[in-house]
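Engineer: based on what follows, work out the 3D shape:
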Amino acid sequence: MTQPTAALDRKSKMKIPHQPIAQRPVAERVRDFDEIYIEYTPEQAITEASRCLLCPDPKCVEACPLHNNIPEAMQKIAQGDFLGAAAIYHQTSPFPEICSRVCPHERLCEGACVVGKRGEPIACGHLEVFVTDYERAQHGIPIPPGGLRTGYRVAIVGAGPASLACAQKLNEFGHTVDVFEALPEAGGLLMYGIPRFKLSRSVVSARIAAVERSSVSIFRLKRIGRDLTIDELLSIYDAVFIATGTLIDKPVKTPGDDLQGIYNATDFLIRGNLDTALWPAPEKGPLVVGQKVAVIGGGDTAMDCLRTALRIGAQAVTCLYRRTEAEMPGNARERKNAIAEGARFEYLVAPVKFLGDGNGHVRTVVCLRMELGEPDSSGRRRPVPVPGSEFEFEADTVVLALGYEGDPLIPESTPGLTTKWNLIQADPATGQTSRAGVFAGGDVVTGPDLVSTAAASGLRAAAAIDQYLKRLPRGEERVAIEEAQRAIQSAFEWWRPSPRRAYGQAKGEDT
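Structural biologist: Reported below is the predicted structural model:
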């Protein structure tokens, strides 16, 4: 194994060659749904981590929504201490094995890396994948720690990234946590929105299993707002955290959008990526995808749909986007992967109508050419139709990847809960909503955002909920429970050998 080089000076570190991140060959990977990146070898990981300058004021930490101590992790990796590096990530991240795979690192830690000013930034994300997978292969995912039971109970609505982060932290504080998930499996976006070639289901399932083994209970197929209301939960629990995400596709109002062969992105990705047992509506049956697929939209979801269509067997897959590549909101890395795998892109076009084949199935997307005008509220230049530019684009399958919004069920069934466009209004620092004892976080508050951003909001909410619970009136039963727990803990501490006593026992001395 390569010798550790963490002690090199900054000038020497800048001369260490970057270790490229390898991908599986395109011809191989488009035939399956396995992850496409090839992990570093231990030698590559040590060499790449040794390039880190260990900045005293690390911008990479600041750029990370979870504020992972990246320089310390890099130093551990450079020394060959992979398990030590994984432990550092666990200190701040509720699921580093997931965030390392799905975060847009070039916009976060790697984008802020000082080394990247003169060359390739440190491959922070790929190194995080390496050490957490190394740990998982050696010992499995660590069971999140649980604290002494406080007697307080918290209900969490939804089982996506924000919820899982919040549940783990609340359990660590000692509170009893029950999670209610509307879908057949937990994970939210991690399970139902991100394709397997980006995030293996085995990784997500391992994290969910670890959470459940930590004393957190997850109740599946329980839709809050229908099966139970928030008010009913508050009659049972001391606090409620809502993190239902935004997996509702934005409605489309385009003539012909009811033709067969036109799919919303969520339905397309679920049926294209998951086993039937995990589908919310298994009665729909498998996808029927034609030879010519058009995906409308320009974000990460659109890229996921393009790449899924290619794996399902479509011959020609095209992205129709109303602006140019420069205005695309998604991850540039995912766009490059889509292009490498065979997707085509038509820029400055917008669909205005769908035409059928006479049998109720889509045949053509009628589009207009666009040109860019003045910037809109997003800061991007507004697409403006070019008069007389109408043309037809042939497609026998269309996927609408136009964004997501919140589920209206909870806003409509919860009096006094302040919302806007089905997003819950909450304090960004605490997650506190307009209802006492009700907190919210993740995409249902911010709108579609990063997994790590959602996780960070879940951790902040857990801390705020813990403080809220500590201010509640305590019943005699809870006081008695906590006093008993403290007595048990004191007895345990008394029994635990001191370092000196333990040393003497190891030497065979009479201590």
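Engineer: residues contacting the residue nearest in space to the middle of the chain?
Structural biologist: Nearest to the mean C-alpha position of the chain, by CA atoms, centre = their mean, lies residue 451 at 2.9 Å. Residue 451 makes contact with 98, 99, 102, 103, 161, 189, 190, according to CB atoms under 8 Å, 6 or more residues apart in numbering. All C-beta spots, glycine's among them, are computed from the backbone N, C-alpha and C.
Engineer: switch the cut-off to 10 Å
Structural biologist: Shown in contact with residue 451 (CB atoms under 10 Å, 6 or more residues apart in numbering): 65, 95, 98-99, 101-104, 160-162, 165, 188-190, 193-194, 199, 442-443.
Engineer: kindly report the same for residue 369.
Structural biologist: Contacts of residue 369 by CB under 10 Å, 6+ apart are 322, 346-350, 383, 385-391.
Engineer: next, find the distance separating it from residue 321.
Structural biologist: Note on residue 369: its distance to residue 321, by CB to CB, to the nearest Å, is 12 Å.
Engineer: now do the shared contacts for those two.
Structural biologist: The contact sets of residue 369 and residue 321 overlap at 346, 347, 348, 349, 350, 383 (CB under 10 Å, 6+ apart).
Engineer: any buried residues in the host helix or strand of the fifth one, and which?
Structural biologist: Meaning residue 350. According to DSSP states H and E, residue 350 maps onto strand 349-356. Going by neighbour count (16 or more other CB atoms under 10 Å), the buried part of strand 349-356 is 349, 350, 351, 354, 356.
Engineer: paired strands for the helix or strand following that strand, with orientation please.
Structural biologist: Using DSSP H and E, the helix or strand that follows strand 349-356 towards the C-terminus is strand 362-375. Partners of strand 362-375 in the sheet, by DSSP bridges, are strand 349-356 (antiparallel), strand 381-385 (antiparallel), strand 391-394 (antiparallel).
Engineer: quick one: low-confidence parts of the stretch 1-150 of the chain?
Structural biologist: For the stretch 1-150 of the chain, the stretches with pLDDT under 70 are 1-7.
Engineer: please enumerate the helices of it.
Structural biologist: For the stretch 1-150 of the chain, the helices defined by DSSP state H, counting those that start in this stretch occupy 10-13, 26-29, 42-49, 59-63, 70-78, 82-92, 96-102, 109-112, 124-139.
Engineer: helices and strands around the second one, which ones?
Structural biologist: Read that as helix 26-29. Packing partners of helix 26-29 (3 or more CB pairs under 10 Å, 6 or more residues apart in numbering; DSSP states H and E): helix 300-312, helix 332-340.
Engineer: and among those, the most buried is which?
Structural biologist: Among those, helix 300-312 has the highest mean neighbour count (mean count of other CB atoms under 10 Å), at a mean of 25.
Engineer: next helix or strand past that one?
Structural biologist: Heading C-terminal from helix 300-312 (DSSP H and E), you reach strand 316-321.
Engineer: tell me the mean pLDDT for that following strand?
Structural biologist: Averaged across strand 316-321, pLDDT comes to 98.
Engineer: now stretch 425-436
Structural biologist: The predicted model assigns stretch 425-436 a mean pLDDT of 98.
Engineer: return the set of buried residues in that stretch.
Structural biologist: 426, 430, 431, 432, 433, 435.
Engineer: pick the one among the residues you listed closest to residue 47.
Structural biologist: Using CB to CB, residue 431 comes nearest to residue 47 of these, at 41.5 Å.
Engineer: can you tell me the closest non-neighbouring residue to that closest one?
Structural biologist: Spatially, and ignoring its direct neighbours in sequence, residue 431 is nearest to residue 461 (3.3 Å; CB to CB, 6 or more residues apart in numbering).
Engineer: what angle sits between the strand or helix carrying that neighbour and helix 82-92?
Structural biologist: Using DSSP H and E, residue 461 maps to helix 451-470. Here helix 451-470 runs at an angle of 60 degrees relative to helix 82-92 (axes from the mean of the first three to the mean of the last three CA atoms, to 10 degrees).
Engineer: what number of residues lie near residue 408?
Structural biologist: Neighbourhood size, residue 408 [other CB atoms under 10 Å]: 13.
Engineer: same deal with residue 134?
Structural biologist: By the criterion of other CB under 10 Å, residue 134 has 19 neighbours.
Engineer: from residue 255, how far off is it?
Structural biologist: In terms of CB to CB, residue 134 sits 54 Å off from residue 255.
Engineer: equivalent analysis for residue 375, please.
Structural biologist: Look at residue 375 and residue 255: by CB to CB, they are 29 Å apart.
Engineer: with residue 196 instead?
Structural biologist: Distance of residue 196 to residue 255, computed by CB to CB: 35 Å.
Engineer: check residue 74 too.
Structural biologist: Taken as CB to CB, the span from residue 74 to residue 255 is 55 Å.
Engineer: next one: residue 285
Structural biologist: Distance, residue 285 to residue 255, by CB to CB: 27 Å.
Engineer: same deal with residue 436?
Structural biologist: Going from residue 436 to residue 255 by CB to CB gives 47 Å.
Engineer: now swap in residue 472 and tell me
Structural biologist: For residue 472, the distance to residue 255 equals 55 Å [CB to CB].
Engineer: how about residue 307?
Structural biologist: 29 Å.
Engineer: hmm, back to that, alpha carbons only: can I get the strand holding residue 350 in CSV?
Structural biologist: This file holds the C-alpha atoms of strand 349-356, laid out as CSV (Å, rounded to 0.1, in the frame of the first residue of the first chain):
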residue,chain,number,x,y,z
VAL,A,349,-37.9,24.4,-27.9
ALA,A,350,-41.1,24.2,-26.0
PRO,A,351,-44.0,21.8,-26.5
VAL,A,352,-47.4,23.3,-27.1
LYS,A,353,-49.5,20.3,-28.1
PHE,A,354,-49.5,16.5,-28.3
LEU,A,355,-51.0,14.7,-31.3
GLY,A,356,-52.2,11.1,-31.3
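Engineer: residues in contact with that strand?
Structural biologist: Contact partners of strand 349-356, identified using CB under 10 Å, 6+ apart, comprise 252, 254-262, 294, 296, 318-323, 362-370, 383, 385-386, 389-395, 398, 400.
Engineer: how far off centre is it?
Structural biologist: Put simply, strand 349-356 sits 32 Å off its chain's centre (CA atoms, centre = their mean, to the nearest Å).
Engineer: hey, what's the angle from it to strand 316-321? Just curious.
Structural biologist: Using the same axes, to 10 degrees: strand 349-356 against strand 316-321 is 130 degrees.
Engineer: and the buried residues of stretch 425-436, which two are furthest apart?
Structural biologist: 430 and 435 (13.3 Å).
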